[in-house]
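**Student:** how would this look folded up:
(4 chains)
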Protein chains: 2
Amino acid sequence: MASKETKQRGRPRSFDRETALEQAIRSFWEQGYEATSISDLTRTMGISAPSLYAAFGDKRALFDEAVAEYGRLYGGFLPRAVAEEPTARRGVERALREAAAEYTLPGRPRGCLVISAAQNTAPASAEVAASLREMRLSNIRDIQRAITADIASGELPATTDAAALAHYAGAVIQGMSQQARDGADRTTLEAIAELAMKAWPETETQTEREGAGETEGTGKAADDPEKEPEAKAGKTRGEARRTRPRTADRP
Amino acid sequence: MASKETKQRGRPRSFDRETALEQAIRSFWEQGYEATSISDLTRTMGISAPSLYAAFGDKRALFDEAVAEYGRLYGGFLPRAVAEEPTARRGVERALREAAAEYTLPGRPRGCLVISAAQNTAPASAEVAASLREMRLSNIRDIQRAITADIASGELPATTDAAALAHYAGAVIQGMSQQARDGADRTTLEAIAELAMKAWPETETQTEREGAGETEGTGKAADDPEKEPEAKAGKTRGEARRTRPRTADRP
DNA sequence: CGATTTCTATATCGCTCGCTACAAAAAGAC
DNA sequence: GTCTTTTTGTAGCGAGCGATATAGAAATCG
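**Tutor:** Next up, the predicted model:
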């Protein structure tokens, strides 16, 4: 099945679907779901309404596809950082640092589409709001899972309140998104992120290790956001954190 | 000067203007500016459209009045806390604590109208968005001013980055608002607030400092020795409640 | 009592919304 | 070429938007 040899029969599409989707992402990212009208979309995507509906379904389907692509291209840094770093602290620290950069990159809408595109939602689009809220809660659950694992492994004190710490980190990220929309620059957001990490509980085994002179060497390279496509940025990453080396940092 | 003794000449208004405004606040608070339609408003306010326009002007004027009244009734706790507490730390700490309560009070829309009602804004209402953004920035400037004063007085280390610390506090508050909208309960928000304060710089003169009497400590000493036993719904009127004296933060 | 003033309800206005018929246009299949 | 399939632009659907014209209802004034 799925032989792509057969040529399209009818008149070929005169626009690039991915480019058009990219423009739709920008519109939704900047204005949110409700406030982005079909005529906004047809203008920025450079196509007519019937072409839009033929290629993407309806407004809701286009938005869903835009959100999925947004997660693949822009918004996946948080679950990625949490999944890839060996400790929750470093994961959150990296996520906050990357958020500071991602939320303020020149030439992009500011802040996080998922955080901001659902608000101001009329009852008619309650489904959209609920869907995006679920994504935000899922991100917080991801963080909480990492924290719980660190408590179990002794990386964090047994007295740590995992849920509270996770919600704190989520709040800081959401607050940073809000402030980015309000014009805060990258430096300001980075300062916020750095301050926020001062609230993180002391590492249980802080004094004993620290011998491995890793410090900067690898961190610099692993710092670059949006590098690997990360197959699916979707949710339901049940055991995504099994990559924890648990042996300090660097072999 | 203007004597209100003169009786109204025509047919008297058949609804209570303040009650109607209160309902308008709820609608805008829950749904935001854009998503709240005139028919939403006439339904919840219990009046017809012409009555609404006669009593409040247009939708924008009604919203402005609703925001002003919101600040008077609900949203003024942050500037109040910052202004009334003797130190920025205690001001922010109190503001965060009050935000946790205010954002989740039963029978009220969740979160902060100012933070959430402007997002998802179409170009047509750019003015509204700009106006609310300016209010958020003003709140952050208030915090920053208090921090700068504390640095000058030696209450905070001279190395403290006032702007960064202020933006951090603002981000935490905005993140808490977002999470309140997403269903976080008061306990969760309080845990976030408590964690956030662990990032606050150590007080310079942590041990003594009580009798030295800085200038502004004159009348401001109305910093209430615990008299109110945790007033339940006592939301307004800046009575500074405090669970423990300023000796230490940790049990 | 009219006369005047002000509020209320009905019934829209012009506009934009998301969405879609419709037929011409452009390709492969025969 | 002719037929079939798909995309294209035009043009417009019903519904809801913010805002109003109009006329009747309810109060005070002389």
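**Student:** contacting residues for A:E194?
**Tutor:** Taking Cβ atoms under 8 Å, 6 or more residues apart in numbering or on different chains, we find A:E194 in contact with B:A164. (Glycine included, C-beta is placed from N, CA and C.)
**Student:** to clarify, my last question referred to A:S116.
**Tutor:** A:G32, A:S177, A:Q178, A:R181, B:Q119, B:N120.
**Student:** the same query, at a cut-off of 10 Å, please.
**Tutor:** Contact partners of A:S116, counting by Cβ atoms under 10 Å, 6 or more residues apart in numbering or on different chains, are A:28-32, A:109-110, A:132, A:174, A:177-178, A:180-181, B:116, B:119-120, B:178.
**Student:** quick check: A:K198 vs DNA strand C, distance?
**Tutor:** According to Cβ to the nearest atom of the strand, to the nearest Å, A:K198 and DNA strand C sit 44 Å apart.
**Student:** surely that residue is in contact with A:A191?
**Tutor:** No - using Cβ atoms under 10 Å, A:K198 is not in contact with A:A191; the gap is 11.4 Å.
**Student:** tell me which of the two has more neighbours.
**Tutor:** A:A191 (19 against 13; other Cβ atoms under 10 Å in any protein chain shown).
**Student:** I figured that one hits B:A163, correct?
**Tutor:** Yes - contact criterion Cβ under 10 Å: A:A191 and B:A163 qualify, at 7.5 Å.
**Student:** hey, what's in contact with both of these two?
**Tutor:** Shared contacts of A:A191 and B:A163 (Cβ under 10 Å, 6+ apart): A:A184.
**Student:** residues contacting the residue of the stretch 51-200 of chain A found nearest DNA strand C?
**Tutor:** When distances are taken as Cβ to the nearest atom of the strand, the stretch 51-200 of chain A reaches nearest to DNA strand C at A:K59, 3.2 Å away. Each residue near A:K59 by Cβ under 10 Å, 6+ apart is listed here: A:A24, A:F28, A:Y33, A:T36, A:S37, A:I38, A:L41, A:L52, A:Y53, A:S125, A:V128.
**Student:** and it, what pLDDT?
**Tutor:** pLDDT recorded at A:K59 is 95.
**Student:** and for A:T187?
**Tutor:** A:T187 is given a pLDDT of 93.
**Student:** ok, it - how many residues close by?
**Tutor:** Counted with other Cβ under 10 Å, A:T187 comes out at 13.
**Student:** give me the angle between the helix or strand harbouring it and helix B:186-197.
**Tutor:** A:T187 belongs to helix A:186-197 when assigned by DSSP states H and E. Counting by axes from the mean of the first three to the mean of the last three Cα atoms, to 10 degrees, helix A:186-197 lies at 110 degrees to helix B:186-197.
**Student:** which ones are touching A:E30?
**Tutor:** Contacts of A:E30 by Cβ under 10 Å, 6+ apart are A:36, A:40, A:44, A:108-111, A:113, A:116-117, A:181, B:121, B:123.
**Student:** low-confidence ranges in the stretch 101-250 of chain A?
**Tutor:** A:204-250 (pLDDT under 70).
**Student:** and stretch A:122-134, does that touch DNA strand C?
**Tutor:** No - using Cβ under 7 Å from any atom of the strand, we find that stretch A:122-134 stays clear of DNA strand C, coming within 9.4 Å at best.
**Student:** returning to what we had before: now for A:K198 and A:A191: what residues contact both?
**Tutor:** With Cβ under 10 Å, 6+ apart as the test, A:K198 and A:A191 both reach B:Y168.
**Student:** residue ranges of the helices in chain A, please?
**Tutor:** A:17-31, A:38-45, A:49-56, A:59-70, A:77-84, A:88-102, A:113-116, A:126-153, A:162-181, A:186-197, A:217-221 (DSSP state H).
**Student:** pLDDT at the closest residue to DNA strand D within chain A, what is it?
**Tutor:** As assessed by Cβ to the nearest atom of the strand, DNA strand D sits closest to A:G10 within chain A, at 2.0 Å. What the model reports as pLDDT for A:G10 is 81.
**Student:** what's the neighbour count on it?
**Tutor:** A:G10: 5 neighbours (other Cβ under 10 Å).
**Student:** residue contacts, the residue most central in space within chain A?
**Tutor:** Residue closest to the average C-alpha location in chain A (Cα atoms, centre = their mean): A:G75, at 2.9 Å. A:G75 makes contact with A:29, A:67-69, A:99, A:102, A:112-115, A:135, A:139, A:233, according to Cβ under 10 Å, 6+ apart.
**Student:** what sits against A:A184?
**Tutor:** Here A:A184 is in contact with A:100, A:103-104, A:110-111, A:176-178, A:191-192, B:137, B:140, B:163, B:167, B:170-171 (Cβ under 10 Å, 6+ apart).
**Student:** what is the rounded mean pLDDT of stretch A:25-33?
**Tutor:** Rounded mean pLDDT across stretch A:25-33 is 93.
**Student:** make CSV out of the contacts of A:G75 and add distance to B:T87 and neighbour count.
**Tutor:** Below are the contacts of A:G75 laid out as CSV (distance: Cβ to Cβ, whole Å; neighbours: other Cβ atoms under 10 Å in any protein chain shown):
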residue, distance to B:T87, neighbour count
A:W29, 40, 23
A:V67, 44, 23
A:A68, 47, 16
A:E69, 48, 17
A:A99, 30, 27
A:E102, 35, 24
A:C112, 33, 26
A:L113, 38, 24
A:V114, 37, 23
A:I115, 32, 27
A:M135, 39, 16
A:N139, 34, 24
A:A233, 44, 20
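**Student:** want to try TSV for those residues, with distance to A:A146 as columns?
**Tutor:** Shown next, in TSV, are the contacts of A:G75 (distance: Cβ to Cβ, whole Å):
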residue	distance to A:A146
A:W29	27
A:V67	24
A:A68	24
A:E69	26
A:A99	16
A:E102	19
A:C112	19
A:L113	23
A:V114	19
A:I115	20
A:M135	17
A:N139	11
A:A233	17
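**Student:** between those residues, which is nearest chain B?
**Tutor:** A:I115 (6.7 Å; Cβ to the nearest Cβ).
**Student:** mind giving me the domain ranges of chain A?
**Tutor:** A:17-67, A:76-201 (automatic domain parsing).
**Student:** which of those sits most buried?
**Tutor:** For the domains of chain A, the largest average neighbour count (mean count of other Cβ atoms under 10 Å in any protein chain shown) is found in domain A:76-201, namely a mean of 21.
**Student:** can you list the residues of the stretch 51-200 of chain A near DNA strand C?
**Tutor:** Counting by Cβ under 7 Å from any atom of the strand, the stretch 51-200 of chain A sits next to DNA strand C at A:Y53, A:D58, A:K59, A:R60.
**Student:** which residues are in contact with the residue nearest to the last one when sequence neighbours are not counted?
**Tutor:** What it means is A:R60. Of all residues not flanking A:R60 in the chain, A:V128 sits nearest, at 7.2 Å (Cβ to Cβ, 6 or more residues apart in numbering or on different chains). Neighbour list for A:V128: A:G32, A:Y33, A:E34, A:K59, A:R60, A:F63, A:D64, A:V67, A:A117, A:A118, A:T121, A:A122 [criterion: Cβ under 10 Å, 6+ apart].
**Student:** one more pass at 8 Å, please.
**Tutor:** Contacts of A:V128 (Cβ under 8 Å, 6+ apart): A:Y33, A:R60, A:F63, A:A118, A:T121.
**Student:** all set, thanks.
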